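**Q** fold the following for me, if possible:
(one chain, ligands or ions: 1)
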Amino acid sequence: MLGIIGGSGLTQLANLDVSHREVVRTPYGEPSGPLTFGRIGCQDVVFVARHGYGHTIPPHLVNYRANMHALQTSGVTQTISIASVGGIRGNLGPGTLVVPHQIIDYTWGREMTFQSGTEGPVVHVDFTEPYDGEVRKRLLDVAARIGEDVVDGAVYATTQGPRLETAAEIERMRGDGADVVGMTGMPEAALARELQLPYAALCVVSNWAAGRGDSVHAIKFASVESVLHVTLARVRKIIEGYCEQ
Ligand code: HPA
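**A** Predicted structure coming up:
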């Protein structure tokens, strides 16, 4: 079964044929909301809205551990994260879809591991390639098959939020090698890896990051909603074409 974590602008999947909803409790607390079970295209899907169905949970307060744990215990075998990001690299302007291949974590103070007790030996999970290669490839293959342009590869900088970045912070991140910036990529990806749950992200560039493009003096929120509206329709098509092997 395919797990989908919907980000900003994607609190529902219009093309999800819903069978039921389930309130799930985990040892780590409650997920962002009830899990929605259903079918899209040829596959069974479980959906959770990362920020809650009413978009009330800010990035630093999302219970990432509960979301990932709930997905896994519901029988999910691979997960796609949908997330909006700001574009830093020159060719990643608003309306671009991108499947990142790397992460830089600038977050702090989040519950970022399932290893928070004293039981069991310490385990250092490999995170050299933070996203699952197979899930990334399938996303890119589906997009190519249905004729949707998706950029293959980007370094996703995860910031703490909820405030946006300063232009100087973005400049520093660019120096670090970051291509896009968002607030939810971590610890989500690392937790998926701890659970050995194949996970990849499909990111929607909703705006130029601070100091770039038309965000030289401020981020233009007026256009974000319309960009998300158009681009998330493309995301839905890709998910519809994505069939678990
Ligand atoms: N910065 C951080 N997170 C974001 C942005 C941004 O510019 N756009 C969408 N999520």
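**Q** and Ala200, how many residues sit next to it?
**A** 24 (other CB atoms under 10 Å). Any C-beta I mention is one placed from the backbone N, CA and C, and that applies to glycine too.
**Q** does the helix or strand where it lies reach the ligand?
**A** Ala200 is part of strand 199-208, with elements assigned from DSSP states H and E. Yes - Strand 199-208 lies within reach of the ligand by CB under 6 Å from any ligand atom, at 206-207.
**Q** also stretch 227-240?
**A** No - counting by CB under 6 Å from any ligand atom, the ligand is not contacted by stretch 227-240; separation bottoms out at 9.3 Å.
**Q** what mean pLDDT does that stretch get?
**A** For stretch 227-240, mean pLDDT rounds to 92.
**Q** what comes up buried for that stretch?
**A** 227-228, 231-232, 234-240 (16 or more other CB atoms under 10 Å).
**Q** and the protein, which residues reach the ligand?
**A** Residues of the chain lying near the ligand by CB under 6 Å from any ligand atom: 84-86, 159, 164-165, 181-183, 206-207, 209.
**Q** what separates Val76 from Ile5, distance-wise?
**A** 10 Å (CB to CB, to the nearest Å).
**Q** so for these two, which sits in the more crowded spot?
**A** Ile5 (27 against 24).
**Q** just the pLDDT at the residue lying closest to that one once chain neighbours are set aside, thanks.
**A** Closest residue to Ile5 apart from its sequence neighbours, by CB to CB, 6 or more residues apart in numbering: Ser81 at 4.7 Å. In this model, Ser81 is scored at 97, pLDDT.
**Q** cool, and Lys220?
**A** Listed pLDDT for Lys220 reads 82.
**Q** from the ligand, how far out is it?
**A** According to CB to the nearest ligand atom, to the nearest Å, Lys220 and the ligand sit 11 Å apart.
**Q** for the ligand, what's the nearest residue on this protein?
**A** Nearest residue of the chain to the ligand: Gly86, at 2.3 Å (CB to the nearest ligand atom).
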